[in-house]
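>>> this one's sequence-less:
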């Protein structure tokens, strides 16, 4: 089966991690089922200047072309992380680019809402505190929550990428509950030991650790000891 991942984008800070992860997954030949919450939409606009229409979505709203990135009005963070990337380093072998399929956050008839639809795993990136709570307590209020619930009940890989500090006892307890249920909690906490020269290296550190959890070959960062 061709790698087929679910990516949920929610309303925590760190929207750049989601955009870069989507870029890398597609460049790595993986198909992606994508859903974005309304709060995720707001953060994408606030942090990256991306105007994403949840009712009439197109991929170029989330992954701007190199021509758009070269424009003087383009968001500087996007330019640093995606500019000239061409998908970024994703492994030694050339791959055919994967396809993205968008699902509205209210569409509970989407394939990823059912355990009978096979996937290779799911990532919620970034994962807001509200989304973490819903997943930890099985409260499937939207498609992202439901898809996460499906991955837990089916015993599939589920990676949650929170970006919050400091953490309350409520959030820590929700993380514990999620891990006990089978999820991987992977905070967006970049390391600095891999030869950081710019913000892209910090973003790629987190994306690389997500890819490791998903079993995706990549060369996004220099590993310890290399």
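Right, received. Where do you want to start? Note that the coordinates shown come from a computational prediction; the quantities given were computed from them, not determined experimentally.
>>> what's the longest helix in the protein?
helix 199-214 (DSSP state H).
>>> which other helices and strands contact that helix?
helix 15-27, helix 76-82, strand 121-127, strand 158-162 (3 or more Cβ pairs under 8 Å, 6 or more residues apart in numbering; DSSP states H and E). Every residue, glycine included, has its C-beta placed from N, CA and C.
>>> Give the buried residues for it.
200-214 (16 or more other Cβ atoms under 10 Å).
>>> So for it, mean pLDDT?
Averaged across helix 199-214, pLDDT comes to 97.
>>> for stretch 16-29, same thing?
Rounded mean pLDDT across stretch 16-29 is 96.
>>> quick one on the thing from earlier: contacting residues around the longest helix of the chain?
3, 5, 16-17, 20-21, 24, 28, 77, 80-81, 88, 120-121, 123, 125, 157, 159, 161, 184, 186, 188-192, 194-196, 217-218, 220-221 (Cβ atoms under 8 Å, 6 or more residues apart in numbering).
>>> how far out from the middle of the chain is that helix?
10 Å (Cα atoms, centre = their mean, to the nearest Å).
>>> tilt between it and strand 158-162?
150 degrees (axes from the mean of the first three to the mean of the last three Cα atoms, to 10 degrees).
>>> quick one, helix 199-214 and strand 121-127 angle?
Going by the same axes, to 10 degrees, helix 199-214 makes 150 degrees with strand 121-127.
>>> So which elements touch the lowest-mean-pLDDT helix or strand in the chain?
Within the chain, no helix or strand scores below helix 66-70, which has a mean of 91 by mean pLDDT, DSSP states H and E. When contacts are defined as 3+ Cβ pairs under 8 Å, 6+ apart, helix 66-70 packs onto helix 76-82.
>>> That'll do, ta.
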